[in-house]
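Novice: I would like to see how this sequence folds:
(2 chains, ligands or ions: 2)
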Amino acid sequence: MLGSGIIKGLAVTAKNFVGSYYDPARMTTVEYPEQPTVLPENYRNFPFLVSENATDPMGTLRCVACQICEKECPPQCIIIEKSKDKKPDANGKMQLYPAVFGIDTSVCMSCQICVEVCPFDAIKMDKVFEIAATDRFLDLYLNREQLAKPNTYYHQIHPEEAAEVDGRLTADRKAAEEKAKATAAAKAAAPVAAPKPADSAVAPKPASPAVKPQDEPRRLVSPKPGEGGSPLGEGGPAKSS
Amino acid sequence: MSTSQVSGFNTQVSAPGPFGGPAGPTVRAVHDQFHGDLLEVSMGPQHPSTHGVFRMVVTLDGEQIVKLKPVFGYLHRNHEKIAENTSYLGSMPYTDRLDYLCSMSTNWAYALAVEKLDGQPVPDRAQYLRIIMAELTRLLNHSCLVGFLFNDLGTSFTPLLYAFREREKILDLFESLSGSRMMCNYQRFGGCRVDPSPEWLEAARRLAENYPRFLDEYEAMLTGNEIMLARTQGIGRLNSTHAINAGLTGPVLRASGVDYDVRKIDGYGVYPRFDFRVPLGAHGDTYDRYMMRILEMRESVKILSQAFRDLPAGPIMDPKAKLRGFRPKAGEAYGRIESPKGELGFYLISDGSPNPYRYRVRPPSLINLTLLEEMCLGHTVADAVVILGSIDIVLGEVDR
Ligand code: SF4
Ligand code: SF4
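Specialist: Ligands and ions are numbered 1, 2, ... in the order given. Okay, here's the model as predicted:
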């Protein structure tokens, strides 16, 4: 019968209309600003730099300014300048750090290549997406200070991935420590051995403040290099420069 | 003018072959016959029915199309030249932006070409995951297409939103796996980037299982609809000879009855292990092209259920695969897959440096578009919109 196809189609539409009131499979919209959606763990938006310690983000950046990400970034939106001096990283090894680290997020295409190529787990993907701004150059170009976020934040947004990364880093650190100990043992008789234990003593410490960075906010006000427990106790000269 | 005159003009114009095209004299003859004015209208580039920034310069006699010139290039981003100056890995996220509806399959095509170039093996699990992603992408792309097709027919938004509702479920899966809904950047040379969790696989399996319910509902709503039949059957006919000569591929070619599917012919990946059929059309009109999509989705569901059943355990990345500083040996390779739109190929020449010496994309959308005039001649503007919709183009890929 002519028209029966149309009537059948209208029946489907009616079913959907009624279903949109009670059937979860047909209720698909959310009232966005009032009702935030849950982002999946793997969600990625723009990169950020991981720092070990929230109280001293600039001093504890994992990034060693190796510039691999700058070279690999397809749209070339990362700008890095190496520092002139070195400071010790979490393993106590003297490393360069980025004097300038900027990402132009208006160019960044959220591809995650920088994260994949970074050998130091220093750059990770953020989840913040409400970043509308009025100025393309001032607001969307993120510098080192804006990019640095503590490891605890990384744990918050990507729990599984961060746990895996931390496990790997701790293992690396342990290996480095043992190596340092071995070298120290080898040179046990020599007077050079003195700084070595100090080096390895520093290594395990960053983990503890990184877990609860809010505990000691005053540390930032009185940064005494010699004070025990500071993850960068020996980093005095680097900090003052 | 009488109707007989109009039909007389019809045969006169659509008679010349596709490649000679209706040349000046034919238009002249029509002009002389009717003493009327031909009107040249520019449809697009900003026109909702052109699916992006695409322009058709149509010459109209009354409401009938006597000449149609597709104009593209508005979305040109110099993809190929950029890729020649970027590392092999760096081009991968750019391929997402070619066919932005089907980033998973575009990734695969590029990865396939590079793997061929370098002789890079891919572990079994990754091969199955790639098929799962590609077939989910096919579901996603074809649902969008049938939705948009009805939008072009004038059924304002209802079918489109039903289709988008299903598409969104697949995009949610992609997002939770790869981190991004549409720019997945998932494939790597020698494997895939993330291993899906068992929960993800279970959710995807359930989605594929439930998909036929959506298809049934969609077909009940529209396939038998008399208006739809009147608007699509016999409209935009394309015979198989023309389609083959112009190098058309994908559902548009198969709607004309040519059995050509790269999945069967090339057997790339592990497709030969799968049992599925390739639907073929008989008339090559808009209706057949629509049905081709629906039938292909049903086959995709079959492939998916087999893939979830047989998915082996194991690594998803070849241990020898290199991410950074990747330099394939010198040579050339052409990797092609059956993307939802047709044969998508990447042609690479390597001179042993970290960048390709030549990088070329064979986009199915662009090549399928070349016979648009042939399909549209003698039809009205409203039909041209539907015919364009049934070819299924995406301008990111056409213009590159
Ligand atoms: S973020 Fe990583 S890759 Fe980039 S410069 Fe720092 S350490 Fe190197
Ligand atoms: S996400 Fe991609 S585009 Fe953005 S900074 Fe990293 S490599 Fe560059």
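
Novice: where along chain A do the strands fall?
Specialist: A:47-51, A:78-82, A:87-88, A:94-95, A:98-104, A:123-125, A:141-142, A:148-150 (DSSP state E).

Novice: among the helices and strands of chain A, which one scores worst on average pLDDT?
Specialist: The weakest-scoring helix or strand in chain A, judged by mean pLDDT, DSSP states H and E, is helix A:236-240 (a mean of 37).

Novice: if we can go back for a sec, can you put the strands of chain A in CSV and add mean neighbour count?
Specialist: C-beta here means a position set from N, CA and C on the backbone, and glycine is covered the same way. Shown next, in CSV, are the strands of chain A (neighbours: other Cβ atoms under 10 Å in any protein chain shown):
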stretch, mean neighbour count
strand A:47-51, 25
strand A:78-82, 17
strand A:87-88, 19
strand A:94-95, 16
strand A:98-104, 19
strand A:123-125, 23
strand A:141-142, 19
strand A:148-150, 21
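
Novice: May I ask you to confirm that residue B:140 is in contact with residue B:102?
Specialist: Yes: counting by Cβ atoms under 8 Å, residue B:102 is a contact partner of residue B:140 at 7.3 Å.

Novice: Now mean pLDDT too, for the strands of chain A, in JSON lines please.
Specialist: Putting these into JSON lines (pLDDT from 0 to 100) gives the following:
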{"stretch": "strand A:47-51", "mean pLDDT": "87"}
{"stretch": "strand A:78-82", "mean pLDDT": "86"}
{"stretch": "strand A:87-88", "mean pLDDT": "74"}
{"stretch": "strand A:94-95", "mean pLDDT": "74"}
{"stretch": "strand A:98-104", "mean pLDDT": "85"}
{"stretch": "strand A:123-125", "mean pLDDT": "88"}
{"stretch": "strand A:141-142", "mean pLDDT": "85"}
{"stretch": "strand A:148-150", "mean pLDDT": "84"}
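
Novice: Throw the ones you listed into a markdown table and include distance to chain B, thanks.
Specialist: Shown next, in a markdown table, are the strands of chain A (distance: least, Cβ to the nearest Cβ, whole Å):
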| stretch | distance to chain B |
| --- | --- |
| strand A:47-51 | 12 |
| strand A:78-82 | 13 |
| strand A:87-88 | 26 |
| strand A:94-95 | 19 |
| strand A:98-104 | 15 |
| strand A:123-125 | 7 |
| strand A:141-142 | 19 |
| strand A:148-150 | 18 |
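
Novice: Name the helix or strand for residue B:375, please.
Specialist: Here residue B:375, judged by DSSP states H and E, is contained in helix B:372-376.

Novice: outside of that helix, which residues touch it?
Specialist: Residues outside helix B:372-376 that contact it (Cβ atoms under 8 Å, 6 or more residues apart in numbering or on different chains) are B:18, B:21, B:56, B:58, B:65, B:67-70, B:236-238, B:242, B:383-384, B:387-388, B:391.

Novice: now residue B:155: how far from residue B:232?
Specialist: The spacing between residue B:155 and residue B:232, counted by Cβ to Cβ, to the nearest Å, is 12 Å.

Novice: higher neighbour count, the two?
Specialist: residue B:232 (23 against 18; other Cβ atoms under 10 Å in any protein chain shown).

Novice: Need the single longest helix in the chain, by residues.
Specialist: Unless you meant another one, I'm taking chain A. Scanning chain A for the longest helix, with DSSP state H as the assignment, gives helix A:159-186.

Novice: Chain B is the one I meant
Specialist: helix B:124-153.

Novice: OK, contacts around residue A:30?
Specialist: Applying Cβ under 8 Å, 6+ apart, we find residue A:30 in contact with residue A:37.

Novice: backbone phi and psi for it, please?
Specialist: Backbone torsions of residue A:30, given as degrees, to the nearest 10, read phi -120, psi 150.

Novice: Check it and give its pLDDT.
Specialist: Looking at residue A:30, its pLDDT reads 82.

Novice: Ok, residue B:230 next?
Specialist: Looking at residue B:230, its pLDDT reads 84.

Novice: Past the helix or strand harbouring it, which element shows up next along the chain?
Specialist: Under the criterion DSSP H and E, the helix or strand holding residue B:230 is helix B:226-232. Downstream of helix B:226-232, the first helix or strand assigned by DSSP H and E is helix B:240-245.
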